[in-house]
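**Student:** Please work out how this folds:
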Amino acid sequence: MLDKYAIVPIAACVFALIVSPLLIFYTPSDSEAVLNAVARPENRIFWPAIFGISVALAVQHPSRLAKLIWPPNIISLLAYLAFAGASVLWAFSPVNSFVRFVQQVMIGISIVLPAMLAARTADIMRGLFLCFAFALILNLLFVLDGSATIVSYGSRGLVDIGYQGYFGGKNYLGECAAVALLLSLHEILYRGWRRVLGIIVIVVAILLVFLSDSKTALGLAIICPVLAGLTLIIRKVTRISPAIILLCLPLCYIVLSHVSNFNIYRISYMV
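**Tutor:** Numbers count the residues shown, from 1 in each chain. All right, here's what the predicted structure looks like:
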């Protein structure tokens, strides 16, 4: 079931994943405008509108808002946004940084607030899966048409480094396929057509991850399920909160990288 609260974050996902990239693909702007996506008119219209809808829905039902329980991952996200806002003070271009920060706040609130206010029976995960599945099918058509990322490598000239679909680069397609793969793993837990469609999307997602030649996306597609499984096993054995378990990972990395040569650059080189 999808209620009016659940429709808002799914609409935001559809816009960011399908509508906006397609508009950029078919109506390209100059390079600066593409990099600074907030300058495009569709972003100036959509995100303030969806933000206003989210706030209006929350104001209509203050009792739901008052009963909200803020989980650790949402608190961490809000802390990150606060730090991002503080970074405006030491940014090279405070005005541009502030505009980007406001946009991120609108995006965050438009997704998080309605999703938390939605009824527990609302199947937001299925809505997100269908959104990513549709995006993958569309990208597969673009990939078959030869939409690739071309870069210049000095004496080697122009080089094809991977397919990008209708996105602005191959890594975007890889990230989309990796997330779709993770959502598909959730879908195959159900019976019937949900499982069948989940298996089909898994095949398409794996194909696009490799065709995009995105190493980061491939790593995330492999690491995330393994990490999630290990976290749940540790949680079941020790009764420790998953938030604490995941928080230990970056803390251990920081300590280990300071006392040895094991750091992100070394990991990247090994991969």
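**Student:** Going by C-alpha atoms from here, please, whenever you check contacts or count neighbours.
**Tutor:** Fine.
**Student:** what bits of the stretch 151-271 of the chain have low per-residue confidence?
**Tutor:** 151-160 (pLDDT under 70).
**Student:** where along the stretch 51-200 of the chain do the helices fall?
**Tutor:** 62-66, 72-86, 94-117, 124-144, 170-187, 193-212 (DSSP state H, counting those that start in this stretch).
**Student:** So which elements touch the helix or strand just after the last one?
**Tutor:** On the C-terminal side of helix 193-212, the nearest following helix or strand under DSSP states H and E is helix 215-238. Other helices and strands packing on helix 215-238, by 3 or more CA pairs under 8 Å, 6 or more residues apart in numbering; DSSP states H and E, are helix 170-187, helix 193-212, helix 242-259.
**Student:** And the first one, how far out from the chain middle?
**Tutor:** By that I understand helix 170-187. The chain centre lies 9 Å from the centre of helix 170-187; the measure is CA atoms, centre = their mean, to the nearest Å.
**Student:** Need the helices of the stretch 51-200 of the chain in a markdown table (columns: mean neighbour count and distance to Tyr265).
**Tutor:** Written out in a markdown table, the entries for the helices of the stretch 51-200 of the chain read as follows (neighbours: other CA atoms under 10 Å; distance: least, CA to CA, whole Å):
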| stretch | mean neighbour count | distance to Tyr265 |
| --- | --- | --- |
| helix 62-66 | 12 | 43 |
| helix 72-86 | 13 | 24 |
| helix 94-117 | 18 | 27 |
| helix 124-144 | 19 | 31 |
| helix 170-187 | 23 | 19 |
| helix 193-212 | 19 | 22 |
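**Student:** Please render those helices as CSV that adds distance to Ile161 to the earlier fields.
**Tutor:** Shown next, in CSV, are the helices of the stretch 51-200 of the chain (distance: least, CA to CA, whole Å):
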stretch, distance to Ile161
helix 62-66, 47
helix 72-86, 32
helix 94-117, 29
helix 124-144, 13
helix 170-187, 8
helix 193-212, 8
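**Student:** Please work out how many residues are found near Tyr253.
**Tutor:** By other CA atoms under 10 Å, the residues close to Tyr253 number 13.
**Student:** which residues does it contact?
**Tutor:** Asn263 (CA atoms under 8 Å, 6 or more residues apart in numbering).
**Student:** distance of Ser147 from Ile254?
**Tutor:** 40 Å (CA to CA, to the nearest Å).
**Student:** about what we covered before: just put the helices and strands packed on helix 215-238 in CSV and tack on distance to Val8.
**Tutor:** Formatted as CSV, the helices and strands packed on helix 215-238 follow (distance: least, CA to CA, whole Å):
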stretch, distance to Val8
helix 170-187, 19
helix 193-212, 23
helix 242-259, 27
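**Student:** what sits against Ser257?
**Tutor:** For Ser257, the contacting residues are Asn263, by CA under 8 Å, 6+ apart.
**Student:** From Ala118, how far off is the residue lying closest to Ala58 once chain neighbours are set aside?
**Tutor:** Closest residue to Ala58 in three dimensions, ignoring its sequence neighbours and counting by CA to CA, 6 or more residues apart in numbering: Leu65, at 6.5 Å. As judged by CA to CA, Leu65 and Ala118 stand 11 Å apart.
**Student:** Low-confidence bits of the stretch 1-150 of the chain, can you list those?
**Tutor:** For the stretch 1-150 of the chain (pLDDT under 70), the answer is 1-2, 29-39, 149-150.
**Student:** Can you pull the phi/psi pair for Arg239?
**Tutor:** phi 60, psi 20 (degrees, to the nearest 10).
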